[in-house]
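# Need coordinates for the below:
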Amino acid sequence: MKPTEEHKSGQNERHYDTPEQKVQNTHSVQLWREYFSERFETFERRKMQTVSFRDLVDGKDTSYTFVHIYRDYYPALLNAGQFFDEDVASLYKYHVQIETLIRLFSFEAQYGVATYMQANFDATVEKLSDQMYVTLKQINSEKLLQENKKLVEESLRNFQSLYEIPPKWGHLLFYLFQISWSLLYRDQAWVTKYEKQLMEEKEGGKTSQMLELALVHFAFASGDDTLAFERLSQSEKKVEMVHYLVWMKLLLDKQEWDRLLLWLLDLKPHFLERVGTYYYHSDSREFFHEYLSYFWKYAQHTGDEDQYEEMLIEFLPITFYEYGEYLMVIGEHERWVELQVIMGYSPELIQRKDLKEVVSFQKENVLPIYHQAIDRLINERTRKSYQSAIKHLKTLRSLYFDLGEEERFSQYIDKIATVYGRLRAFQEELRKGKFIS
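Below you'll find the predicted structure:
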């Protein structure tokens, strides 16, 4: 049953037998926050009873760390909330996650995080932010706005408490800004209002990357991608790749394929500029392959594969495996072989299942791969390379014989025996393999 406005307005004045009743089917972010604070005071008091402040700061005691906030305090808040409305339940969960983030950052600011625990702390924050995205996707925001708009408006005011998180977590703040304004605070009147406010601040001389990025996102949220690209190009600082990928992820989840292509194409020059960093920075590789995955999903769902293939060709050799896989999927075996030859891949480096598939369709297609590998091995001029060349010659002989081209294979053997006639070790290997007498 949906509570009346009169009932909701009087909730703050009610007497609660237990603190948990504040978050049992109540439609008030203020009451939720009051409960969070009460619960945290109890939680922290119990933890601090067994640890001195000095030990806590020095990281010598493990009876109270940020880990307990995530593993004990966070689930306790989640379990306390009970709601008839699933969307309100998800909104409550989202605010529990905001609360937990703020408590984690407060712990870091007050007590610090030991160096050996920093990676764990960062991973915990990242895990929690990922969970927030999942929670927001579960909310039917249109329905929630229609039935509980004042609650969502109160939620938006509370969301702004995240603006106080440490500056070093600015990338996380904007990530949360992106997903929250796209998935929850979707009221166009709010977008227009806040965008106007930021434009006035900018015109008044205020500058910050967060302000610039927020203006980009409001253009994105309004569906004006041209304006978003224009604002991105005017940004004084380079926009981090992760923010671009979040915008594309949002479009992918909403299945807005035409807009996704616009963002994919707009981002392509940025990656082309940074191809040189691909082999030296793990972040560059990670971002690029996520970009590739969005392009592939676009091609899969729309059937527009031309743009995807063009991109794969432009980014060779980085996209060698993806392009090879794509050619196999569409059955372009001859072009797949050409790709292997151009890249100089020998049979040992090619996935056996792919090679086997091409052979099963058309044996003649794979001959150039073996010819190239044999020539390269012979020219390495070592006994071991000659022996490897002989193994390929045996495979090549089987292929030619299956094709009924015995004479053509004999001519090929005569040719390499003559061309490499002065390589005595190779001639010996040819005789051992019974290719010449």
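# Would you mind measuring from residue 222 to residue 157?
According to Cβ to Cβ, to the nearest Å, residue 222 and residue 157 sit 22 Å apart. For glycine as for every other residue, the C-beta is placed from the backbone atoms N, C-alpha and C.
# what does residue 276 give?
Distance of residue 276 to residue 157, computed by Cβ to Cβ: 45 Å.
# between residue 222 and residue 157, who's got more neighbours?
For residue 222 versus residue 157, neighbours defined as other Cβ atoms under 10 Å are more numerous around residue 222 (14 against 10).
# from what I can see that one touches residue 189, true?
No - Residue 222 lies out of contact with residue 189 (Cβ atoms under 8 Å); the separation is 11.4 Å.
# In this protein, where is pLDDT below threshold?
Residue ranges of the chain with pLDDT under 70: 1-17, 49-63.
# Just give me the longest helix of it.
In the chain, with assignment by DSSP state H, the single longest helix is helix 86-111.
# got the buried residues for the helix or strand just after that helix?
For helix 86-111, the following helix or strand on the C-terminal side (DSSP states H and E) is helix 118-138. By neighbour count with 16 or more other Cβ atoms under 10 Å, helix 118-138 contains the buried residues 121, 124-125, 128-129, 132-133, 135-136.
# Nearest to residue 356, out of those: which one, please.
Nearest to residue 356 among the buried residues of helix 118-138 is residue 133, at 41.1 Å by Cβ to Cβ.
# what number of residues lie near the closest residue in space to that closest one that isn't next to it in sequence?
Excluding its sequence neighbours, the residue lying closest to residue 133 (Cβ to Cβ, 6 or more residues apart in numbering) is residue 179, at 5.2 Å. Residue 179 has 20 neighbouring residues, counting by other Cβ under 10 Å.
# Now do the host helix or strand of residue 179: everything it contacts.
Residue 179 belongs to helix 170-183 when assigned by DSSP H and E. Contacts with helix 170-183, where a contact means Cβ atoms under 8 Å, 6 or more residues apart in numbering, come from 125, 129, 132-133, 136-137, 139, 141, 159, 162-163, 165, 191, 209-210, 213-214, 217-218, 220-221, 240, 242-243, 246-247, 250.
# at 6 Å instead, please
With contact meaning Cβ atoms under 6 Å, 6 or more residues apart in numbering, helix 170-183 is reached by 129, 133, 136, 159, 165, 213, 217, 221, 246, 250.
# Can I get it in PDB? Just the C-alpha atoms.
The C-alpha coordinates for helix 170-183 follow below in PDB (Å, rounded to 0.1, in the frame of the first residue of the first chain):
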ATOM      1  CA  GLY A 170      37.400  12.500  -8.400                       C
ATOM      2  CA  HIS A 171      37.200   9.900 -11.200                       C
ATOM      3  CA  LEU A 172      35.000   7.800  -9.000                       C
ATOM      4  CA  LEU A 173      32.800  10.800  -8.100                       C
ATOM      5  CA  PHE A 174      32.200  11.500 -11.800                       C
ATOM      6  CA  TYR A 175      31.500   7.800 -12.500                       C
ATOM      7  CA  LEU A 176      28.800   7.900  -9.800                       C
ATOM      8  CA  PHE A 177      27.500  11.200 -11.300                       C
ATOM      9  CA  GLN A 178      27.300   9.600 -14.700                       C
ATOM     10  CA  ILE A 179      25.400   6.500 -13.700                       C
ATOM     11  CA  SER A 180      23.100   8.200 -11.200                       C
ATOM     12  CA  TRP A 181      22.000  11.000 -13.500                       C
ATOM     13  CA  SER A 182      21.500   8.500 -16.300                       C
ATOM     14  CA  LEU A 183      19.700   5.800 -14.400                       C
END
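# can you pull the buried residues of the helix or strand just after that helix?
Following helix 170-183 in sequence order, the next helix or strand is helix 188-203 (DSSP H and E). Applying a neighbour-count criterion of 16+ other Cβ under 10 Å, one finds 190-191, 194-195, 198 buried in helix 188-203.
# Helix or strand next in line after helix 188-203, which one?
On the C-terminal side of helix 188-203, the nearest following helix or strand under DSSP H and E is helix 209-221.
# distance between that following helix and the chain's centre?
Centroid displacement of helix 209-221 relative to its chain, using Cα atoms, centre = their mean, to the nearest Å, is 21 Å.
# and residue 138, how far is that from residue 166?
Residue 138 is 28 Å from residue 166, where distance means Cβ to Cβ.
# how about the residue most central in space within the chain, what does it touch?
Closest residue to the average C-alpha location of the chain: residue 290 at 5.2 Å, with Cα atoms, centre = their mean. Counting by Cβ under 6 Å, 6+ apart, residue 290 makes contact with residue 245.
# so which helix or strand takes in it?
Assigned by DSSP H and E, residue 290 belongs to helix 282-302.
# Can you point out the buried residues in the host helix or strand of residue 258?
Using DSSP H and E, residue 258 sits within helix 257-273. For helix 257-273, the neighbour count (16+ other Cβ under 10 Å) marks 257, 259-264, 266-268, 271 as buried.
# How about stretch 77-96?
Going by neighbour count (16+ other Cβ under 10 Å), the buried part of stretch 77-96 is 77, 80-81, 83, 85, 87-96.
# thought residue 425 was touching residue 381?
No - counting by Cβ atoms under 6 Å, residue 425 stays clear of residue 381, with 8.4 Å between them.
# For burial, what's the neighbour tally of residue 41?
When counting by other Cβ under 10 Å, one arrives at 10 neighbours for residue 41.
# Which helix or strand contains it?
Assigned by DSSP H and E, residue 41 falls in helix 29-48.
# just residue 246 next, same as before
Using DSSP H and E, the element containing residue 246 is helix 241-254.
# Got phi/psi on residue 184?
phi -120, psi -60 (degrees, to the nearest 10).
# Now do the helix holding residue 290 against helix 241-254, angle only.
If you take axes from the mean of the first three to the mean of the last three Cα atoms, to 10 degrees, helix 282-302 sits at 20 degrees to helix 241-254.
# Work out the gap between stretch 136-144 and the centre of the chain.
Centroid separation for stretch 136-144 versus its chain: 23 Å, with Cα atoms, centre = their mean.
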